[in-house]
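> From the sequence below, what's the structure:
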Amino acid sequence: MNLNVTVPLNSVSLGFCGYNILREFYNRGISPNLFPIGQPDLSSFDKCTEDFKFYLQSCANKALKNYSRDYPEFRLWHTQGSETSHSKNQNLLTFLETNKCTDFEVNILNNQAATFVTSSFTKGVMEAHGIRNVVHCPLGFDSENYGVLNKPHAYNGACTVFGLFGKAEGLRKKTFKTLKLWAAKYGNNPKYRLHLHVYNIFLHQDPNQCAELNKQLIAQALEGKQYWNINLINSYLKTSTELNSLYNSVDIVLELGGSENWSLPSFNSTAIGKHLVALNTNGVADWANEENAVLVKPSEQMLEAHDGQFFHRGAGFNQGEFYDYNSDEAVAAMETAVKRYETSKTNTAGLQLQKDFTWEKTVDTILNTINKTQTAA
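All right, here's what the predicted structure looks like:
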């Protein structure tokens, strides 16, 4: 089929999605006109084949010569910036991290042929604001880069290992609240460990200063106290193999973010059989359930999405509120997850996610929708 594709290809979450969608196009023999957003960087995908790299390069090389605005376009990007296109019929996969839409967002999204979202909650928010043709499009499990490793327990079974992942954000992801809560409950207790990888690469362009800022944020959250059983990984893991090893090293994953459109680290960890404590909100609620997770209900009182760093009051984008959680209920959920782990080391219901959510299904939704919008155009 004739198709224009505009996606990032890099080590962050959007780049991960772009890689997997294009890999599924490759599997189907679809050769789109590829317009990478930013400088492509495949270094984190250390299992990527040379043939797939050649495919990506050839799709990019031919784009300017072969594309047409009459061809449909699939774009993966933030709403801000998606007013541009290479087609009269652009279909956008994007993410909304609050419970409201601004007039700018509504207008940009209503100029798309279709808007894909990974969260049914977000779909409802957009539709309530008058956005047309919103399509729920869950993400998939990447079996090329993630899977169960047959290796001994990180501490030979002498303790239960928690994992807290994803980039550090205090307000939206509740990183520091969750960290403080775990430290108060399990800190310096030899029966428990925490593997902490919340490195935020967007804090500073200089790698050394970025590392120092990340370290300072963790120290501030812990109020300067030392916890020998918190293993801080204060660097950005460069490959999916390293990430997979990290996910395999834990027993229970903490996902208590106030507004996650999917949460790839927690999803991938749960899909390889790790137990999960999850705030039952937004996109996480589309894949986490009572069988594969210990769910924490969100607080009725929401928090304004304004942290002065990533979210700014009065801006044209990213306005609204985030969910919060009750600390006592979260601690009780951690205790329940420990009991689940003691009963069964493997979260067998979590393993089912590998079959329930695949990139093949994701691309089916994308292509079926594009075919409909192109026919209607």
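> can you give me the helices for the stretch 1-150 of the chain?
13-27, 50-66, 103-110, 120-128 (DSSP state H, counting those that start in this stretch).
> wait, which of those helices is closest to residue 3?
Using C-beta to C-beta as the criterion, the shortest distance between residue 3 and these is 8.1 Å, found for helix 13-27. (C-beta placed from N, C-alpha, C; glycine too.)
> so where's the stretch 251-377 of the chain shaky on pLDDT?
Within the stretch 251-377 of the chain, no stretch has pLDDT under 70.
> if you set the cut-off to 80 instead, what comes out?
For the stretch 251-377 of the chain, the stretches flagged by pLDDT under 80 are 377.
> which residue ranges form the helices in the stretch 251-377 of the chain?
264-271, 327-343, 348-351, 353-356, 359-376.
> quick one, which of the ones you listed is packed in tightest?
helix 264-271 (a mean of 26; mean count of other C-beta atoms under 10 Å).
> Tell me what angle that helix forms with helix 13-27.
Counting by axes from the mean of the first three to the mean of the last three C-alpha atoms, to 10 degrees, helix 264-271 lies at 60 degrees to helix 13-27.
> change the start of the numbering to 36 and stick with it
Shifting the count to begin at 36 puts that one at helix 299-306.
> Highest mean neighbour count out of the helices of the stretch 36-185 of the chain?
Comparing the helices of the stretch 36-185 of the chain by mean count of other C-beta under 10 Å gives helix 48-62 as most buried, with a mean of 21.
> how far off helix 394-411 does that helix point, in degrees?
Going by the same axes, to 10 degrees, helix 48-62 is angled at 80 degrees with respect to helix 394-411.
> now what about helix 48-62, what contacts it?
40, 42-44, 66-67, 69, 76-77, 79-80, 83, 87, 90-91, 94, 109, 111-112, 128, 174-175, 177, 179, 299, 394-395, 397-398, 401 (C-beta atoms under 8 Å, 6 or more residues apart in numbering).
> about what we covered before: take the helices of the stretch 286-412 of the chain and lay them out in JSON lines including distance to residue 353.
Below are the helices of the stretch 286-412 of the chain laid out as JSON lines (distance: least, C-beta to C-beta, whole Å):
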{"stretch": "helix 299-306", "distance to residue 353": "20"}
{"stretch": "helix 362-378", "distance to residue 353": "25"}
{"stretch": "helix 383-386", "distance to residue 353": "31"}
{"stretch": "helix 388-391", "distance to residue 353": "29"}
{"stretch": "helix 394-411", "distance to residue 353": "24"}
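> which stretches of the stretch 186-335 of the chain form strands?
195-200, 227-232, 265-267, 287-290, 310-314, 329-331 (DSSP state E, counting those that start in this stretch).
> Direction included, what does the second one pair against?
Looking back up the chat, that one is strand 227-232. Using DSSP bridges, strand 227-232 pairs in its sheet with strand 195-200 (parallel), strand 265-267 (parallel).
> try the fifth one
Strands adjacent to strand 310-314 in the sheet, as given by DSSP bridges, are strand 287-290 (parallel), strand 329-331 (parallel).
> circling back to that earlier point, want to throw the helices of the stretch 36-185 of the chain into a markdown table with distance to residue 232?
Shown next, in a markdown table, are these (distance: least, C-beta to C-beta, whole Å):
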| stretch | distance to residue 232 |
| --- | --- |
| helix 48-62 | 14 |
| helix 85-101 | 27 |
| helix 138-145 | 31 |
| helix 155-163 | 26 |
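> Just put those in JSON lines and tack on distance to residue 363 and mean pLDDT.
Output for the helices of the stretch 36-185 of the chain, formatted as JSON lines (distance: least, C-beta to C-beta, whole Å; pLDDT from 0 to 100):
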{"stretch": "helix 48-62", "distance to residue 363": "31", "mean pLDDT": "97"}
{"stretch": "helix 85-101", "distance to residue 363": "48", "mean pLDDT": "98"}
{"stretch": "helix 138-145", "distance to residue 363": "36", "mean pLDDT": "98"}
{"stretch": "helix 155-163", "distance to residue 363": "25", "mean pLDDT": "98"}
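> Out of those, flag the one nearest residue 274.
Of all those, helix 48-62 sits nearest to residue 274, with 12.2 Å by C-beta to C-beta.
> Only C-alpha atoms, please: export the closest one in PDB.
Presented in PDB, the C-alpha positions along helix 48-62 are these (Å, rounded to 0.1, in the frame of the first residue of the first chain):
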ATOM      1  CA  SER A  48       9.000   5.600  24.800                       C
ATOM      2  CA  LEU A  49       7.800   7.300  21.600                       C
ATOM      3  CA  GLY A  50      10.800   5.900  19.700                       C
ATOM      4  CA  PHE A  51      10.200   2.500  21.100                       C
ATOM      5  CA  CYS A  52       6.600   2.600  19.700                       C
ATOM      6  CA  GLY A  53       7.800   3.900  16.400                       C
ATOM      7  CA  TYR A  54      10.300   1.000  16.100                       C
ATOM      8  CA  ASN A  55       7.800  -1.700  16.900                       C
ATOM      9  CA  ILE A  56       5.100  -0.300  14.500                       C
ATOM     10  CA  LEU A  57       7.600  -0.100  11.700                       C
ATOM     11  CA  ARG A  58       8.900  -3.600  12.500                       C
ATOM     12  CA  GLU A  59       5.300  -4.900  12.000                       C
ATOM     13  CA  PHE A  60       5.100  -3.000   8.700                       C
ATOM     14  CA  TYR A  61       8.300  -4.700   7.700                       C
ATOM     15  CA  ASN A  62       6.900  -8.100   8.700                       C
END
